[in-house]
Every structure is written in structure tokens, then in C-alpha cells.
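Enquirer: Got a predicted model here, sequence first, then my questions.
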Amino acid sequence: MAETHVLFVEDDDVIREATQLALERDGFTVTAMPDGLSGLEAFRADRPDIALLDVMLPGLDGVSLCRRIRDESTVPVIMLSARADSIDVVLGLEAGADDYVTKPFDGAVLVARIRAVLRRFGHAGGPGAATDTADEAPERGVLAFGDIEIDTEGMEVRKRGETVALTPTEMRLLLEFSSAPGTVLSRDKLLERVWDYGWGGDTRVVDVHVQRLRTKIGQDRIETVRGFGYKLKA
């Protein structure tokens, strides 16, 4: 099996070199870049399996780099922030990131988050990862909710017959909703099922992805149930 290729963009030399070594020890192939512009060039040249982007980068900041990557690809993106600042987190997620990790981070935690994201994207989860059989899509076929059609076999979504471009995380989120239309799903449950968090996570990740999904399939399709979570209107 080919090694998972990670693009890591970080301007701090110590963090960049130490993290690259740690990831390589875990069996990943790593391309490390010190700034946003070189990171974008490396992304276009190498087409990595996943991108780790620091928020604060010279030349082209991490949020802008994430947007540029998302314009060209659905490759998974994890943002790295020196602060658990809500602005940093939300901006990164709104730009198309799938998850974020706050610095300083533990190497084992970072690897776990990388593998969790890769599992959602259909990869094996990286070197040494266990096979995940718990996450299964709904029964194959086409599900219809008003003007929305979900092809669970072809992994495509159509609105009024037009294809809707979703990232794999957005698709997983929609499939989770569609598996139980009209049922309220809590943020914690969505974190567990979609983001593969076996521990507490930041529910802002869910909120921003729900809003991104609403923008694409219709603001009225997913209802907020205050104090409980979200549900797909049957």
C-alpha cells in the first residue's frame, strides 16, 4: 500500500522540522513548506492525500491557502492554529477546512486526527491505521427529499437535477442526516459519527459545516433544534 502523502505548511522552523520527523516516523511521506505560496506550488505539483496548514503564514496565509486548495480540489485539509481563537477556527472552517488542531499539539493526537479525516475520505487512514467498519453509508440507492436527490452509490447530490459539489465531509454529514430524516441529531453525536471523535470535540466544527451544507442544498433543508442539535426536514 502506498504511503499517505502529507503536505505540511508551517513557517516555524522548529515546529515544521519536528512535526515532519514525527509524521515520517509514523510512516507518512511529508512535503514540508515554510510559507503559503510555496505550499500552493507544492500542492499543485504533488497532489498530496491531505494538507496540514498553519493559519499564520507569510506570503499567503493559511486561510487563503485553504480557499485556493478548495477551489481546485476536495483533498482533506486540517488547519493548525496557535490559539483556540474562535475567529481563526471559524475562518479556517468557512474556507473549506475539514478540521483543526490547536498548537501546541501532541504528535499522537495529530496523527489520530489525520487518520480520522482520511477514513472519512475513503483512505485507509494512513500507515498503521485499523480498518473502520462502523461507518457505513445508508442502503444503496437514490434518496429524495423535496428537490434534493442523494445517490448513495455514486456519492452524488443533485438539486433540481443539477449536481451539487460537496466535500467528502459535507457528504458524510448529509448522509448522516438522510439516514434518519426528521430525527434530531446532537452536535456530539455528529462529531462522533462524521468526524470520528471518540472524545469531546469542538462543536463549532459541526456548526460551520452545517451552515456550509445549507448554503449548497438550501437553508431550509436542515433545521436547528435549539438546545438539541439539527435535523433534516423529511
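Expert: Everything's here; your move. Residues are numbered from 1 along each chain as shown.

Enquirer: Do you have the strands of this structure handy? List them.
Expert: Remark: strands assigned in the chain by DSSP state E are 5-9, 29-33, 50-54, 77-81, 99-102, 142-145, 148-151, 156-159, 162-164, 222-225, 229-232.

Enquirer: between the ones you listed, which one is nearest to residue 122?
Expert: Nearest to residue 122 among the strands of the chain is strand 50-54 (12.1 Å), distances taken as Cβ to Cβ. (Each C-beta comes from the backbone N, C-alpha and C, glycine too.)

Enquirer: Neighbouring strands - and their directions - for the closest one?
Expert: strand 5-9 (parallel), strand 77-81 (parallel) (DSSP bridges).

Enquirer: which residues sit in contact with the spatially most central residue of the chain?
Expert: Centroid check for the chain by Cα atoms, centre = their mean gives residue 98 as the closest residue, at 2.0 Å. Neighbour list for residue 98: 76-78, 117, 120, 167-169 [criterion: Cβ atoms under 8 Å, 6 or more residues apart in numbering].

Enquirer: Give the bridge partners for the residue nearest to residue 156 when sequence neighbours are not counted, please.
Expert: Leaving out its chain neighbours, the residue that sits closest to residue 156 by Cβ to Cβ, 6 or more residues apart in numbering is residue 163, at 6.1 Å. Partner residues in beta bridges with residue 163, using DSSP bridges, are residue 158.

Enquirer: Check what pLDDT residue 163 gets.
Expert: According to the prediction, residue 163 has pLDDT 92.

Enquirer: Number the chain from 45, please
Expert: Shifting the count to begin at 45 puts that one at residue 207.

Enquirer: Hmm, it is touching residue 201, no?
Expert: Yes - using Cβ atoms under 8 Å, residue 207 is in contact with residue 201, at 7.2 Å.

Enquirer: can you list the domains in this structure?
Expert: Following automatic domain parsing, one gets these domains for the chain: 49-164, 186-276.

Enquirer: highest average neighbour count across those?
Expert: domain 49-164 (a mean of 19; mean count of other Cβ atoms under 10 Å).

Enquirer: Only C-alpha atoms, please: export the least confident helix or strand in the chain by mean pLDDT in CSV.
Expert: Between all helices and strands in the chain, the lowest mean by mean pLDDT, DSSP states H and E belongs to helix 130-138, at a mean of 83. Taking Å, rounded to 0.1, in the frame of the first residue of the first chain, the C-alpha atoms of helix 130-138 are listed here in CSV:
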residue,chain,number,x,y,z
SER,A,130,-12.9,31.5,17.5
ILE,A,131,-12.1,33.8,14.6
ASP,A,132,-9.2,31.6,13.5
VAL,A,133,-11.2,28.4,13.8
VAL,A,134,-14.3,29.7,12.1
LEU,A,135,-12.4,31.4,9.2
GLY,A,136,-10.5,28.2,8.6
LEU,A,137,-13.6,26.0,8.6
GLU,A,138,-15.5,28.5,6.4
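
Enquirer: Now the residue of the chain positioned farthest from its centre, what are its backbone angles?
Expert: Here the chain reaches farthest from its C-alpha mean at residue 190, the gap being 26.9 Å by Cα atoms, centre = their mean. Phi and psi for residue 190, reported as degrees, to the nearest 10, are phi 60, psi -120.
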